[in-house]
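J.: This is the structure alone, sequence omitted:
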C-alpha cells in the first residue's frame with residue numbers, strides 16, 4: 001500500500017528553508033541573499049535547498065503566492081464561482097495583501113517589489129480564471145483568460161492605488177467601485 005502523504009522530514013526541511021529565507025529578507029536586501037546564506041541559516045546543505053527550490057527567485061515566488069493564496073482562502077472558497085460576493089471577497093483580499101506588502105515593502109522589500117507584483121498578478125489572474133471555469137465550464141478558455149486579465153488588472157491597479165494614495169476610502173467602498181466597473185449588470 002502506497003501512501004501519498006509527504007514525508008514529515010521533507011515538510012520540516014521545507015519549513016526550515018522558508019523560515020530562514022523570511023529571516024534573511026528582514027536582515028538584508030533580496031539581491032544580497034545567496035542560496036548559501038539560506039542553506040546555512042536553515043541548517044541544510046545547498047543540495048537539500050535545490051531539492052526543494054530551483055533558485056532563490058522561485059523560493060520568493062513560492063512565498064509570495066502562498067501568502068496571497070492564504071489571504072484569499074480566508075475570505076473565499078477556492079472552488080467558488082463568479083458572483084458579486086466572491087468578487088467582493090477577492091477584492092478585499094487584495095486590499096489586505098496590498099496593505100501588508102506596502103507596509104513591509106517600504107521598510108524591507110523595495111528591491112523585490114516588481115517580483116512581488118508579477119507573482120501576485122499571475123496568481124490573481126489564475127484565481128479569476130478558475131472562478132470563470134467554475135461558473136461557465138463550457139465557455140471558451142481564450143475569452144475567460146481575456147476577461148480574467150482585464151478584471152485582475154483592474155483589481156490589482158485599483159488596490160495598489162488605494163493603498164498608496166486613497167486610504168481615506170474604506171476597502172468596502174473601493175470594492176463597490178471596482179464591482180460597479182467589473183460587474184455592471186448587478
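T.: Thanks, I have it. The model shown is predicted, which means the values in this text are computed figures rather than measured ones.

J.: Tell me, domain by domain, which residues of this protein belong where.
T.: The chain breaks down into these domains under automatic domain parsing: 8-53, 58-182.

J.: Out of those, which gets the lowest mean score?
T.: Looking over the domains of the chain, mean pLDDT reaches its minimum on domain 58-182, with a mean of 87.

J.: distance between the ends of it?
T.: 32 Å (CA to CA, to the nearest Å).

J.: you'd agree residue 145 is up against residue 129?
T.: Yes - assessed by CB atoms under 8 Å, residue 145 is found in contact with residue 129 at 6.2 Å. Every residue, glycine included, has its C-beta placed from N, CA and C.

J.: Wait, residue 127 touches residue 93, no?
T.: No - using CB under 8 Å, residue 127 is not in contact with residue 93; the gap is 9.1 Å.

J.: So for those two, which residues contact both of them?
T.: Counting by CB atoms under 8 Å, 6 or more residues apart in numbering, the residues touching both residue 127 and residue 93 are residue 72.

J.: With adjacent residues omitted, what lies nearest to residue 55?
T.: Residue nearest to residue 55 in three dimensions, not counting chain neighbours: residue 35, with 7.0 Å by CB to CB, 6 or more residues apart in numbering.

J.: Against residue 60, how distant is that neighbour?
T.: 12 Å (CB to CB, to the nearest Å).

J.: out of the two, which sits in the busier spot?
T.: Using other CB atoms under 10 Å as the criterion, residue 35 and residue 60 rank with residue 60 on top: 20 against 15.

J.: host element of the more buried one?
T.: helix 56-73 (DSSP states H and E).

J.: can you point me to the longest helix in this structure?
T.: In the chain, assigned by DSSP state H, the helix with the most residues is helix 141-165.
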